[in-house]
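Trainee: need the 3D shape of this:
(one chain, ligands or ions: 2)
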Amino acid sequence: MSFLKRLKDKFQPKTDQPQTEEQESLESQSEALDDGLISIEEFEEWEQEQIGYKFKAGLEKSREKFQNEINELMARYRTVDEDFFEALEEVLISADVGFNTVMELTDELRQEARVKNITETADLRETIVEKMVEIYERNDDLPETVNMQEDELTVILVVGVNGVGKTTSIGKLAHKYRQEGKSVMLAAGDTFRAGAINQLQIWGDRVGVDVIRQAEGSDPAAVMFDAVNAAKKRNADVLICDTAGRLQNKGNLMNELSKIKKVIQKVVPSAPHESLLVLDATTGQNALSQAKAFKEVTDVSGIILTKLDGTAKGGIVLAIKNELGIPVKFVGLGEQLDDLQEFSAENYVYGLFADMVSEAEEEADTNGEDDRSD
Ligand SMILES: Nc1nc2c(ncn2[C@@H]2O[C@H](COP(=O)(O)OP(=O)(O)OP(=O)(O)O)[C@@H](O)[C@H]2O)c(=O)[nH]1
Ligand SMILES: [Mg+2]
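Mentor: Ligands and ions are numbered 1, 2, ... in the order given. Next up, the predicted model:
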């Protein structure tokens, strides 16, 4: 089965009547309420669908921009030739896919077009999406889920430059784990910026979790030491640690983070179990350089990519995984509490190419039985 058909089967309404997303969602909700009981499988399916819609809604701006560019390209170049590939390279690079990944992608597309004898650019559309997913999934040995400890405290350190969305993401993450029934605590490790401690406290109050804090200007390592001890004593499941973004140079950053890690390890030797770097997706190449800089001074086990609901260009996810070898673990799709979602390549691609999935569906309908599936 072709990739777009697979996505279509997963996300498109199964009835003959076209429905809006709201209708669908309301209908499945009221169905669920009608008989009072739904099976766990039905609930999980419904939940997965809702997550799919979140990706679709959050990625609306990126989708529109990217698809317009691809459509324009297809209209301008109708035959598959070197001019087309060069223009495609430009579109992908401007969508933040990253130079090396673009070269890999277009080389493979050239080959695919040759082997399959594809001469019209319109027929290459689906292959472009498929190749992007294929390249994304190529380094699949990277762990995409959070390294949660069973029956033991999990310590998550959150790092990143100022303004990228660390504190907000910590609040959302705390909410997510609370929803899962875990006991969560927060550590106010950003003692540097005025107001940072209170900002975390507000999130803590909102989500209903304790915040371990000290006075502004105190040593972040001391706050972390307190926090890990308190979390252990209270048998918490997860401790999420905020850190300062405003460190003047790499030397400072390295010293501070290694000191923080050292004190955490005094209490929990296997911690931190995750060091999540927060990157603002709308900053494109800048986000990539930040990731490179952080990778040089500390271990980064995963990325939280925020503000994808803004004017982010969709390709950044590919660039991060392929050019940095760090998995994206969470994405920020908006400013609501439940807008931080676990990253899923399938949902992400659906969010970016949802309209193409509908087009593929229409095409299949007008062509009758689509037997091009492979
Ligand atoms: N639209 C959108 N806004 C976000 C998202 N994540 C964070 N923000 C916004 O980004 C701004 C900065 O977020 P913070 O959480 O304060 O960033 P920070 O990294 O803690 O910043 P410092 O404490 O100054 O280092 C806030 O206005 C957030 O509402 C997201 O996924 N989508
Ligand atoms: Mg902050």
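
Trainee: show me where pLDDT drops low in the stretch 251-374 of the chain?
Mentor: The stretch 251-374 of the chain contains residues with pLDDT under 70 at 357-374.

Trainee: all helices for it, in order.
Mentor: With DSSP state H, counting those that start in this stretch as the definition, the stretch 251-374 of the chain shows helices at residue ranges 285-297, 316-319, 345-366.

Trainee: now the second one - C-alpha only, CSV.
Mentor: This points to helix 316-319. The C-alpha trace of helix 316-319 is given here as CSV (Å, rounded to 0.1, in the frame of the first residue of the first chain):
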residue,chain,number,x,y,z
ILE,A,316,13.5,21.4,10.6
VAL,A,317,12.5,18.1,12.1
LEU,A,318,14.3,16.2,9.3
ALA,A,319,17.4,18.4,9.7
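
Trainee: other SSEs contacting that helix?
Mentor: For helix 316-319, the helices and strands in contact under the criterion 3 or more CB pairs under 8 Å, 6 or more residues apart in numbering; DSSP states H and E are helix 125-138, helix 285-297. For the C-beta atoms, the positions are set from N, CA and C on the backbone; glycine is no exception.

Trainee: what about the helices of the stretch 251-374 of the chain, which gets the closest to ligand 2?
Mentor: Smallest distance to ligand 2 across these (CB to the ion): 15.1 Å, for helix 285-297.

Trainee: does that closest one reach ligand 1?
Mentor: No - using CB under 6 Å from any ligand atom, we find that helix 285-297 stays clear of ligand 1, coming within 11.4 Å at best.

Trainee: what lies in contact with that helix?
Mentor: Contacts made with helix 285-297 from outside it, assessed by CB atoms under 8 Å, 6 or more residues apart in numbering, are listed as 96, 98, 159-161, 164, 250, 253-254, 257, 277, 279-281, 283, 300, 303, 305, 316, 319-320, 323-324, 326.

Trainee: cool, and stretch 137-153?
Mentor: Contacting residues not belonging to stretch 137-153 are listed as 154, 156, 228, 231-232, 235-239, 268, 270-271, 273-274, 301-302, 321-322, 325-329, 342-343, 345 [CB under 8 Å, 6+ apart].

Trainee: low pLDDT regions in the stretch 51-200 of the chain?
Mentor: For the stretch 51-200 of the chain, counting by pLDDT under 70, the residues that fall below are 139.

Trainee: hmm, 50 instead?
Mentor: In the predicted model of the stretch 51-200 of the chain, no residue satisfies pLDDT under 50.

Trainee: can you list the strands that the host helix or strand of Ile156 pairs with?
Mentor: Counting by DSSP states H and E, the secondary-structure element that holds Ile156 is strand 154-159. When sheet partners are counted by DSSP bridges, strand 154-159 sits next to strand 238-242 (parallel), strand 274-280 (parallel).

Trainee: which of the contacts of helix 285-297 are buried, as a PyMOL select command?
Mentor: Buried residues among those (16 or more other CB atoms under 10 Å), as a PyMOL selection:
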select buried, resi 96+98+159+160+161+164+253+257+277+279+280+281+283+300+303+305+316+319+320+323+324+326
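
Trainee: please flag which of the contacts of helix 285-297 sit within strands.
Mentor: Of the positions in the contacts of helix 285-297, 159, 277, 279-280, 303, 305 sit in strands, assigned by DSSP state E.

Trainee: just name the closest of the residues you listed to Lys116, please.
Mentor: Using CB to CB, the shortest approach to Lys116 within these belongs to Leu305, at 33.4 Å.

Trainee: for ligand 1, find the nearest of the strands paired with strand 154-159.
Mentor: The closest approach between ligand 1 and any of the strands paired with strand 154-159, judged by CB to the nearest ligand atom, belongs to strand 274-280 at 6.0 Å.

Trainee: what residues does the closest one touch?
Mentor: Residues lying outside strand 274-280 but in contact with it, judged by CB under 8 Å, 6+ apart, are 146-147, 154-160, 163-166, 169, 287, 290-291, 294, 298-307, 320, 326, 329-330.

Trainee: isn't there a strand covering Phe225?
Mentor: No - Phe225: not assigned to a strand; according to DSSP: H, G, I helix; E, B strand; the rest coil it is helix.

Trainee: burial measure for it, as a count.
Mentor: 19 (other CB atoms under 10 Å).

Trainee: in the stretch 201-350 of the chain, what residue is nearest ligand 1?
Mentor: Closest point on the stretch 201-350 of the chain to ligand 1, by CB to the nearest ligand atom, is Gly332, at 2.3 Å.

Trainee: residues contacting that residue?
Mentor: When the contact criterion is CB under 8 Å, 6+ apart, the partners of Gly332 are 165, 168-169, 172, 281, 304-309, 339-340.

Trainee: nearest spatial neighbour of it, chain-adjacent residues omitted?
Mentor: Spatial nearest neighbour of Gly332, chain neighbours left out: Thr306 (3.5 Å); criterion: CB to CB, 6 or more residues apart in numbering.
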